[in-house]
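Visitor: I'll drop the sequence and a predicted model, then ask my questions.
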Amino acid sequence: MTTKIRTGTLILAALAIGYYLWHGITYHDPNGFGDEWGWVGWQMGLPIIALTVVPIVFAFTGAGIFEAFTGRNSSAFPDGAIGIGTVRAVRQTGLTVNDQPQVRLDLDVEGEDGQTFASHAKVIVPLTELALLRPGVVLPVRYLPGRTDRVELDRSGDSARTQAAYNEAMIRRGVTTRDKLDIAERGVAAQAVVRSLSAPGEIRDGHVKVLLELGVTRPDGGVFTARTDKFVPPAAVPALQVGRIVQVRYLPGREDEVVIAIPVNS
């Protein structure tokens, strides 16, 4: 769609300028005041409008600009595949829209088929959120199989599909299991106090394995002890220190295993 809009704009601009030139060259004043008057008149506005509209259209349809104004993915990406992108580098492009900078995100993207590829996305970011984009942050993206040099941040709002893509990626990396995901989806929400924490030194995909003993409080007020292991980002380890309160889920009748809720970008 972007290509069609730009092409249509260029064609209309060429027609407008072409008409102005044709009118000026072929004009003959029947009143004898001078043929040069063919260059003056309402038609003078055509090239002015064309030269004004073309850069505006090209700027508006640039990477990241359309999404910033509409809050939706561009026409090429709404039906694209969902991938999980990990930010490698962030840099400003120098373009600003309403004083909000455009940034280029260099990403490592894991596709729905498990294949990983390097790509990039451009996005307009409010100044207040600029610091949140840093190397290591995980973001859902849309990509086109076979054209993976550029992606867009997913703006579909389809949290279920995004979560499913993230879950599959974590399973492939060995960071979690389907059983734990089932507990996270169907389990009873509860709070727990960390009673002990140890790290055996195992690392997978940058996630550190921790062993935890938890005192879990049931919704009815009862308390039980559970032991669990989890691979977490290193930045999340301080949130699991002894005495901390964490959110967990468990299945009634299977209180021997609980799942801890940790934000993706801890």
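Guide: Structure's in. What do you need?

Visitor: scan this protein for its longest strand.
Guide: strand 81-97 (DSSP state E).

Visitor: helix or strand right after it?
Guide: The first helix or strand that comes after strand 81-97 along the chain, using DSSP states H and E, is strand 100-110.

Visitor: does anything pack onto that next one? Which helices or strands?
Guide: In terms of contacts (3 or more Cβ pairs under 8 Å, 6 or more residues apart in numbering; DSSP states H and E), strand 100-110 is packed against strand 81-97, strand 116-124, strand 138-144, strand 147-153. C-beta here means a position set from N, CA and C on the backbone, and glycine is covered the same way.

Visitor: walk me through which strands it pairs with, and which way each runs.
Guide: The pairing partners recorded for strand 100-110 under DSSP bridges are strand 81-97 (antiparallel), strand 116-124 (antiparallel).

Visitor: identify whichever of the helices and strands packed on strand 100-110 lies nearest to residue 192.
Guide: When the helices and strands packed on strand 100-110 are compared for distance to residue 192 using Cβ to Cβ, the nearest one is strand 138-144, at 24.8 Å.

Visitor: quick one: the closest one to strand 147-153, angle?
Guide: Angle of strand 138-144 versus strand 147-153, following axes from the mean of the first three to the mean of the last three Cα atoms, to 10 degrees, is 130 degrees.

Visitor: need the residues that contact strand 138-144.
Guide: With contacts defined as Cβ atoms under 8 Å, 6 or more residues apart in numbering, strand 138-144 is touched by 73, 76-78, 80-87, 105, 107, 109, 111, 119, 121, 151-154, 156, 162, 165-166, 264-265.
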